[in-house]
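S.K.: this one's sequence-less:
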């Protein structure tokens, strides 16, 4: 099995600083590629979730949580990259323990400094390269974060507009329901008044028959009103599911890949 610390130890001391620069530069390129791929995936998943949120009923809470999830994924990228640096310096034999390696790389990566831990002076050139990688990736993340916040702001604005439209549709539905119920009660009351005028001079059984017909008509009025209310609610739900497309600037945002 290849023993990397032994191979690195065989390098003459005057060339070890140059070797450190070479190792650090290779890692810097790898981390840049990794970070770019990671930010691309974060952007893709955010746009996919935004497209889902733009279709159907407006879910403001989900829209607000989406930006938090994207920020968490960006933070996770940096944590993984610090771990990658720690993996390299451990297997290169610069630091013995994992917790020391993570501490050293985190301090260098965030440009805070090396803290109380240091490595051999011949290999310490790797520290500024770790710092450069941190500066580079943090700047890249900041740029991506600006796009995420701007895109999410547009999403929340659209969802807020759709929420207002949804509330207007529900208010109109309640108004129509109240109108149907009022009509049903008016028809039932009219039927009762009509029945009263027919009861005079009739026998008990004739009156019983008229009362039964009255109840049947009231049940019919009530069933008709319920069926109409059910149709109205179903239509309102279907209209809410169509809120997503939007118009104007929101439509353009939705069409973006």
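M.R.: Arrived safely. Note that the structure is a prediction, hence the values are computed from the model and not measured.
S.K.: burial of the nearest residue to residue 95 once chain neighbours are set aside, as a residue count?
M.R.: With sequence-adjacent residues excluded and distances taken as Cβ to Cβ, 6 or more residues apart in numbering, residue 95 is closest to residue 101, at 4.4 Å. Quick note: C-beta positions are derived from backbone N, CA and C, even for glycine. A count of neighbours around residue 101, defined by other Cβ atoms under 10 Å, yields 24.
S.K.: avg pLDDT for stretch 153-170?
M.R.: Stretch 153-170 carries an average pLDDT of 78.
S.K.: oh, I was asking about stretch 35-46
M.R.: Taken as a whole, stretch 35-46 has a mean pLDDT of 92.
S.K.: How about stretch 230-237?
M.R.: What stretch 230-237 shows for mean pLDDT is 69.
S.K.: still on that earlier bit, and the pLDDT at the residue nearest to residue 95?
M.R.: Note on residue 101: pLDDT of 89.
S.K.: what packs against the helix or strand where it lies?
M.R.: Using DSSP states H and E, residue 101 sits within helix 98-109. For helix 98-109, the contact count by 3 or more Cβ pairs under 8 Å, 6 or more residues apart in numbering; DSSP states H and E identifies helix 60-91, helix 126-199 as packing neighbours.
S.K.: Let me know which of those helices is the nearest to residue 47.
M.R.: Closest to residue 47 of those, according to Cβ to Cβ: helix 126-199, at 7.6 Å.
S.K.: Please report how far the most centrally placed residue in the chain lies from residue 174.
M.R.: Geometric centre of the chain, nearest residue: residue 66, 2.4 Å, by Cα atoms, centre = their mean. Between residue 66 and residue 174 the computed distance is 31 Å (Cβ to Cβ, to the nearest Å).
S.K.: Return the distance of stretch 138-151 from the chain's centre.
M.R.: Centroid separation for stretch 138-151 versus its chain: 16 Å, with Cα atoms, centre = their mean, to the nearest Å.
S.K.: Can you give me the buried ones in that stretch?
M.R.: For stretch 138-151, burial by neighbour count (16 or more other Cβ atoms under 10 Å) applies to 138, 140, 141, 144, 145, 148, 151.
S.K.: swap in stretch 54-67?
M.R.: 54, 58, 63, 66, 67.
S.K.: wait, the third one sits on residue 153?
M.R.: Okay, so that is residue 63. No - between residue 63 and residue 153 there is no contact under Cβ atoms under 8 Å: 9.9 Å.
S.K.: neighbours of the residue nearest to residue 104 when sequence neighbours are not counted, just the number please.
M.R.: For residue 104, ignoring the flanking residues on the chain, the nearest one in space by Cβ to Cβ, 6+ apart is residue 117 at 4.9 Å. The local packing of residue 117 (other Cβ under 10 Å) involves 13 other residues.
S.K.: same thing with residue 178?
M.R.: For residue 178, the neighbour count with other Cβ under 10 Å is 11.
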